[in-house]
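S.K.: build me a model:
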Amino acid sequence: MNWSPSHAQNMIARAGWSTLVAVGAVVLAFGLLYREVIDKLVYDWANDGNYSHGFLIVPIAAYFAWERRHRLLAAPARPSVFGLVVVLGSLATLIAGILGAELFLTRTSMVAVVAGVVLFVLGWQHLRILAFPIAFLLLMVPIPAIIFNQIAFPLQLLASRFGETALVASNIPVLREGNLIILANTTLEVAEACSGIRSLVSLLTLGIIYGYFTDPRSWVRVATTLATIPIAIVANGLRVAGTGVAAHYYGEEAATGFFHTFSGWLVFAVAFGMLFVLMQLLQKIRPARRTPAPAAPLAPARGGVTL
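M.R.: Residues are numbered from 1 along each chain as shown. Sure thing, here's the model as predicted:
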């Protein structure tokens, strides 16, 4: 067989094209299989304010994967048959979700299929490298309604108690009944939209991204992510209290319309400010260790001998 550099280049080019064709076929099959699931998911992102951040999840996850491209290229490909088991199990979950009209199952099965394909085609080492970007995709999936309601209602009561305490501390007469805050001139209802779960989900996503880009240490990233939960609760409580104060002094109109919408954005900005301060404190208390740069070799003296 006549082997030449041009022949080797042709083989590499054909291998590259075959890989692209295989990837394209997988993507096409995935799109056809999950077309209706993706359509409904995008519809929820566009119409449910609790999950409007879903549009950003896939591009950011793709960027996380792109950052790992050198590690992926350096890792040996060792396909695992267990990946096929994961794919088949995920497809079974998809069918069960469709038959049971359970959107959460059909949507999470997409993420599981991606993990299974990586494992089946490339192996465990590649899956470990891509574990974070793949897991990050779960943030695009809305929480099941039964779990959402179990979280939202306690948050409503917590925000109501926080608002009541703040109003009492401000010497404003107030009576609370459940999630109703009764003032002298109006009654405020801490509805589901005001429970803080919207800011909680969005701030949790932001905390993961912020921690990832700000500090490479795992414990700092985990602490930042977990801190978004109490920060979101406190920030939403401040919003309810501020709305109550405004309604007391300026009437019911102050609790609706532009002020209500603006306060939502303002509170989210305040929550991010708290997250920023927390990150600065963590880095100040436990600064990251910097690896010293290797010293440059000394040039040998003229006429000397280099050993």
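S.K.: and the residue nearest to the spatial centre of the chain, what pLDDT?
M.R.: What sits nearest the mean C-alpha location of the chain, by Cα atoms, centre = their mean, is Thr205, with 3.5 Å. Listed pLDDT for Thr205 reads 88.
S.K.: what helix or strand is it on?
M.R.: Applying DSSP states H and E as the criterion places Thr205 in helix 197-214.
S.K.: got the CA positions of that helix in CSV?
M.R.: Listed next in CSV are the C-alpha coordinates belonging to helix 197-214 (Å, rounded to 0.1, in the frame of the first residue of the first chain):
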residue,chain,number,x,y,z
ILE,A,197,-40.1,31.7,44.2
ARG,A,198,-39.6,33.5,40.9
SER,A,199,-36.6,35.4,42.3
LEU,A,200,-35.4,32.3,44.1
VAL,A,201,-35.2,30.2,41.0
SER,A,202,-33.6,33.0,38.9
LEU,A,203,-31.2,33.9,41.7
LEU,A,204,-30.2,30.3,42.2
THR,A,205,-29.3,30.1,38.5
LEU,A,206,-27.4,33.4,38.8
GLY,A,207,-25.6,32.3,41.9
ILE,A,208,-24.3,29.1,40.1
ILE,A,209,-23.1,31.2,37.2
TYR,A,210,-21.6,33.9,39.3
GLY,A,211,-19.8,31.5,41.6
TYR,A,212,-18.4,29.6,38.6
PHE,A,213,-16.9,32.6,36.9
THR,A,214,-15.7,34.3,40.1
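S.K.: quick one: buried residues of the next helix or strand after it?
M.R.: Per DSSP H and E, helix 197-214 leads on to helix 218-250 as the next helix or strand towards the C-terminus. Using 16 or more other Cβ atoms under 10 Å as the test for burial, helix 218-250 gives 220-221, 223-225, 227-228, 231-248. C-beta coordinates here come from the backbone N, C-alpha and C atoms, glycine included.
S.K.: gap between the two ends of stretch 170-178?
M.R.: Across stretch 170-178, the terminal residues are separated by 20 Å (Cα to Cα, to the nearest Å).
S.K.: also stretch 45-54?
M.R.: 6 Å.
S.K.: return the distance of it from the chain's centre.
M.R.: Averaged C-alpha coordinates place stretch 45-54 at 13 Å from its chain's average position (Cα atoms, centre = their mean, to the nearest Å).
S.K.: buried set for that stretch?
M.R.: For stretch 45-54, a neighbour-count test (16+ other Cβ under 10 Å) marks 45, 50-51, 53-54 as buried.
S.K.: contacts only, for the residue nearest to the centre of the chain.
M.R.: If you count contacts by Cβ atoms under 8 Å, 6 or more residues apart in numbering, Thr205 has them with 53, 56-57, 139.
S.K.: quickly find the element holding Gln283.
M.R.: Using DSSP H and E, Gln283 falls in helix 257-285.
S.K.: that helix - contacts with which helices or strands?
M.R.: helix 197-214, helix 218-250 (3 or more Cβ pairs under 8 Å, 6 or more residues apart in numbering; DSSP states H and E).
S.K.: so which of these comes closest to Pro287?
M.R.: helix 218-250 (10.6 Å; Cβ to Cβ).
S.K.: quick one: distance of stretch 159-168 to the chain centre.
M.R.: For stretch 159-168, the distance to the chain centre is 30 Å (Cα atoms, centre = their mean).
S.K.: what does it contact?
M.R.: Counting by Cβ under 8 Å, 6+ apart, 174, 176, 178-181, 183, 188, 190, 194-196, 233-234, 236-241, 243-245, 248 sit against stretch 159-168.
S.K.: one more time with 10 Å
M.R.: Stretch 159-168 has contacts (Cβ atoms under 10 Å, 6 or more residues apart in numbering) with 172-183, 188-190, 194-196, 233-234, 236-245, 247-248.
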